[in-house]
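In: need a 3D model of the following:
(one chain, ligands or ions: 1)
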Amino acid sequence: MRFLVLGSMNIDNTFSVNHIVREGETISSNGCSRSAGGKGANQAASLAKAGAEVFFAGKCGDDGRWILSLLESYGVDTSLSIIGEESTGAAMIQVDSSGQNSIVLYAGGNRQWREDEALFVLSHFGKGDVIVLQNEVNLLSFIMEKAKERGMLIAFNPSPFDDEIADLPLSYVDWFFLNEIEGECLTGENRFPLILDEMRRLYSAASVVLTCGKSGAYAMHEGNVYYQEIVDYPVVDTTGAGDTFSGYFLSSIYNNGKSVEDSLFYASKASGIAVSRNGAMDAIPFSSEVM
Ligand code: RIB
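Out: Here you go, the predicted model:
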């Protein structure tokens with residue numbers, strides 16, 4: 001099974017701070033670094049590090065070539081990515097002393113996709129392939145519709161959540177990847193099991209993975225609900241934890257043919273390792289480390 005991530009790539013500018021800056025406040029950081037990120041690129045890296053065959057289609061400026069090279073070094077095929085006129089997406093990330101973060105995005109090339117470009121990317125894929133989407137690129141409705149027409153499975157992480165998500169053809173989604181906040185935004189419910197109950201009512205054909213931070217993760221698949229407690233590591237930086245989780249989960253279940261229970265465990269362990277390290281894409285472990 002092949003994976004296509006048609007998604008975002010960002011240059012992450014990360015500031016290590018004692019606390020997330022408050023309105024009107026100016027603070028000094030303890031350190032600052034520049035690294036590769038973007039939810040789409042992170043998920044592609046996670047899938048590849050987990051051992052899956054993955055294609056990443058991103059749109060960036062000349063200043064983003066190094067991110068594509070980094071993805072290639074992990075085994076991601078980036079030949080369908082586009083270097084355009086607009087500069088590469090960027091993120092300003094604050095990570096506080098407990099490892100929690102706060103992110104401001106600049107979309108750059110991520111929101112410059114044209115329909116003909118997306119169609120060209122999709123023309124290389126069909127039945128049996130999985131498309132992995134997040135909410136950091138434009139044309140999501142169009143991409144979901146065309147991917148469905150081609151018989152692809154759709155995995156969607158509605159992050160960052162915004163009002164436009166309500167207008168997407170979410171009934172086409174085969175796998176939702178949600179944290180509790182996204183789950184609440186989609187369903188109006190704020191905790192397990194009510195989020196899953198409402199997801200079942202709204203999108204009865206879909207499977208759902210719900211990550212609940214320290215409280216572990218749930219999966220709802222083919223009428224059954226599964227639970228995995230957190231695989232605990234010291235928290236240094238939570239950036240990209242959800243991206244690591246979804247990449248590992250999808251690779252485990254579709255590429256390695258593992259059960260939902262096993263896939264939840266590998267994904268929890270991979271994201272546990274990721275949060276014990278600095279950065280987003282760099283922090284995602286290889287499968288040899290997770291095993
Ligand atoms: O999920 C983490 C990612 O969100 C960061 O890498 C940042 O670029 C934003 O897209």
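In: which residues touch residue 221?
Out: 207, 208, 260 (C-beta atoms under 8 Å, 6 or more residues apart in numbering). Just so you know, the C-beta spots here come from the backbone N, C-alpha and C atoms, and that holds for glycine as well.
In: partner residues bridging it?
Out: Taking DSSP bridges as the rule, residue 221 bridges to residue 224.
In: gap between it and residue 31?
Out: 41 Å (C-beta to C-beta, to the nearest Å).
In: ok, the contacts of residue 221 vs the ligand, which is closest?
Out: Checking these against the ligand by C-beta to the nearest ligand atom gives residue 208 as the nearest, at 18.9 Å.
In: any idea what the closest one is bridged to?
Out: Note on residue 208: beta-bridge partners by DSSP bridges are residue 176, residue 220.
In: am I right that it is in contact with residue 198?
Out: No - using C-beta atoms under 8 Å, residue 208 is not in contact with residue 198, being 10.1 Å away.
In: more crowded one of those two?
Out: Legend: neighbour count by other C-beta atoms under 10 Å for residue 208 and residue 198, higher for residue 208 (21 against 16).
In: quick check: which element contains the nearest residue to residue 100 once chain neighbours are set aside?
Out: Spatial nearest neighbour of residue 100, chain neighbours left out: residue 238 (6.0 Å); criterion: C-beta to C-beta, 6 or more residues apart in numbering. Using DSSP states H and E, residue 238 sits in no helix or strand.
In: show me what contacts residue 238?
Out: So residue 238 contacts 95, 99, 100, 101, 275 (C-beta under 8 Å, 6+ apart).
In: kindly report the same for residue 182.
Out: Contacts for residue 182 (C-beta under 8 Å, 6+ apart) come out as 157, 158, 159, 161.
In: is the helix or strand harbouring it anywhere near the ligand?
Out: Element membership for residue 182, per DSSP H and E: helix 180-187. No - shown here: helix 180-187 not in contact with the ligand (C-beta under 6 Å from any ligand atom), separated by at least 12.0 Å.
In: quick check: closest non-adjacent residue to residue 266.
Out: Per C-beta to C-beta, 6+ apart, closest to residue 266 is residue 252, 4.7 Å.
In: quickly note the distance from the one you found to the ligand.
Out: With distances taken as C-beta to the nearest ligand atom, to the nearest Å, residue 252 is found 20 Å from the ligand.
In: surely that residue is in a helix?
Out: Yes - under DSSP: H, G, I helix; E, B strand; the rest coil, residue 252 sits within a helix.
In: burial measure for it, as a count.
Out: Here the count is done by other C-beta under 10 Å, and residue 252 has 25 residues near it.
In: with residue 109 instead?
Out: By the criterion of other C-beta under 10 Å, residue 109 has 25 neighbours.
In: just checking: which of the contacts of residue 238 also lie near the ligand?
Out: For the ligand, no contacts are drawn from these by C-beta under 6 Å from any ligand atom.
In: rebuild those residues as a markdown table, extending it with neighbour count, secondary structure and distance to residue 284.
Out: Shown next, in a markdown table, are those (neighbours: other C-beta atoms under 10 Å; DSSP: H, G, I helix; E, B strand; the rest coil; distance: C-beta to C-beta, whole Å):
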| residue | neighbour count | secondary structure | distance to residue 284 |
| --- | --- | --- | --- |
| 95 | 25 | strand | 16 |
| 99 | 16 | coil | 16 |
| 100 | 15 | coil | 19 |
| 101 | 19 | strand | 16 |
| 275 | 21 | helix | 11 |
